[in-house]
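Q: this is the structure alone, sequence omitted:
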Ligand code: BES
Ligand code: MN
Ligand code: ZN
């Protein structure tokens, strides 16, 4: 077997000029089935019938000559090819029909597996790329998504704040970015009292990573990601069911880093800043408490109503730092509230923005990228719920209603007038779908990448 070039490793894809013998796959829908059959031999037609092939997505059938036939119900989304890497026998395949970028991406994203703690029992089937595919963008998108997935899937024991720091450093190193990290009590010198308070009870100290990349003359875009490496809830401890998956509470950070990877590898002409506040929300004698009042980077005082509303505390310091240099755009990602999951479920990223046109554009891109995002109201009529009698703001509203909205309104107080998008995300597939294996997931990454590419241009990579 021919050696796979390094950038293709783990992508599920093979280069278009690969000399590997490959099985041909025909993509056939219910609409195109009869036309397809007319071109085949009687034996093939009988075969397809005996295999009950109707052209429905998910169906795989075989022809006399060994070619495969794959059912197709949609045009250009992850479901077209996403089930094939583990649905087909191991080997190399080629497509007989043209498909779009997102469909090809489905093959790559469906090839993922998390094998850090157990050996995989098979290889994914590999797709030889069509000659006209944008191989670089495909490979970079797959690698960025898989970086995000690996970070999320890694348990908290191996993904504490110091590990997350090492990941940011490795990324910075790969792309020649600068990074400054502030650890532990030094956060207080930066006035990041909220990040410090959330993380100070954990053995692995809280920290803030600040990464800078790109030409300083280019438009400034800043990405912020919630990096709670484990959320026990703090003194307001979570019940066991609620705590079970809280290794994923750094999913926002993982998506921010995945997006940064994609931006840098594609060389987008922006000056990128990535801020990753990282902390474990743990319990110890020095833990922050309900009723405590924290000093924040912005100078606002925050009364703690609930130590389990910790993500917005990490973000408030980071967002205030982000907005003080007035970038063109701030994007934050956070596994912020259960309420967002109640509102839009686990498979849609809830989007909040202080710019309606931006929200609309991202929603449309979410559709075309098969990366669902949906706008939610940043309704200032609920601002009163965040009033505190003794501080400028409380970290969590007493009301049982609109929890995702009040969390977003809390953040808004720290971003000033800078155009800003906040994604309240699950960062995890709770069920398997084509191109989306169960486990950590990069939600709303591709929509934002596409937006940045459209707005700021393609770069010269
Ligand atoms: N990380 C959680 C939110 C979360 C839970 C996201 C499950 C996705 C899935 C966050 O830190 C949290 O605990 N939020 C609380 C806020 C409440 C105390 C105001 C919540 O949503 O219950
Ligand atoms: Mn919490
Ligand atoms: Zn959390």
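A: Received the coordinates, thanks. Note that the structure is predicted; figures quoted are calculated from it, not measured. Ligands and ions are numbered 1, 2, ... in the order given.
Q: residue 126 and residue 9 touch, don't they?
A: No: judged on C-beta atoms under 8 Å, residue 126 makes no contact with residue 9 at a distance of 11.0 Å. C-betas here are computed from N, CA, C, even on glycine.
Q: please say which of these two ends up with more neighbours.
A: Ranked by neighbour count (other C-beta atoms under 10 Å), residue 126 and residue 9 place residue 126 first, with 23 against 12.
Q: what's across from that one in the sheet?
A: Bridge pairing for residue 126 (DSSP bridges) gives the partners residue 92.
Q: state the mean pLDDT of the longest strand seen in the chain.
A: Counting by DSSP state E, the longest strand found in the chain is strand 271-281. If you average the pLDDT over strand 271-281, you get 99.
Q: the residue in the stretch 151-300 of the chain that ligand 2 sits nearest to: neighbouring residues, count only.
A: Residue of the stretch 151-300 of the chain nearest ligand 2, by C-beta to the ion: residue 231 (4.4 Å). Neighbours of residue 231 under the rule other C-beta under 10 Å: 27.
Q: how close does it get to ligand 1?
A: Going from residue 231 to ligand 1 by C-beta to the nearest ligand atom, to the nearest Å gives 5 Å.
Q: ok, the closest residue to residue 21 other than its chain neighbours - contacts?
A: Among residues not flanking residue 21 along the chain, residue 92 sits closest, at 6.9 Å (C-beta to C-beta, 6 or more residues apart in numbering). Applying C-beta atoms under 8 Å, 6 or more residues apart in numbering, we find residue 92 in contact with 14, 18, 20-23, 125-128.
Q: now that we have the residues you listed, which of them are buried?
A: Among the contacts of residue 92, those buried by neighbour count (16 or more other C-beta atoms under 10 Å) are 14, 18, 22-23, 125-128.
Q: show me the shaky parts of the chain.
A: Applying pLDDT under 70 to the chain flags residues 1-2, 460-461.
Q: for ligand 2, give me its nearest residue in it.
A: Closest point on the chain to ligand 2, by C-beta to the ion, is residue 308, at 3.8 Å.
Q: so what's the residue count around that residue?
A: 20.
Q: that one: what secondary structure?
A: For residue 308, the secondary-structure state derived from DSSP: H, G, I helix; E, B strand; the rest coil is coil.
Q: next one: it from ligand 1, what distance?
A: Counting by C-beta to the nearest ligand atom - residue 308 and ligand 1 are separated by 4 Å.
Q: give the contact list for that residue.
A: With contact taken as C-beta under 8 Å, 6+ apart, residue 308 is in contact with 231, 233-234, 236-238, 281, 396.
Q: most neighbours of all those residues, which one?
A: Most neighbours among the contacts of residue 308, by other C-beta under 10 Å: residue 281, with 30 neighbours.
Q: wait, that one touches residue 197, no?
A: No: Residue 281 is not in contact with residue 197 according to C-beta under 8 Å; the separation is 10.2 Å.
Q: neighbours of the residue nearest to residue 101 when sequence neighbours are not counted, how many?
A: Closest residue to residue 101 apart from its sequence neighbours, by C-beta to C-beta, 6+ apart: residue 134 at 6.6 Å. Counted by other C-beta under 10 Å, the residues lying close to residue 134 total 12.
Q: what's the distance between the residue nearest to residue 21 and ligand 3?
A: Separation of residue 92 from ligand 3 (C-beta to the ion, to the nearest Å) stands at 43 Å.
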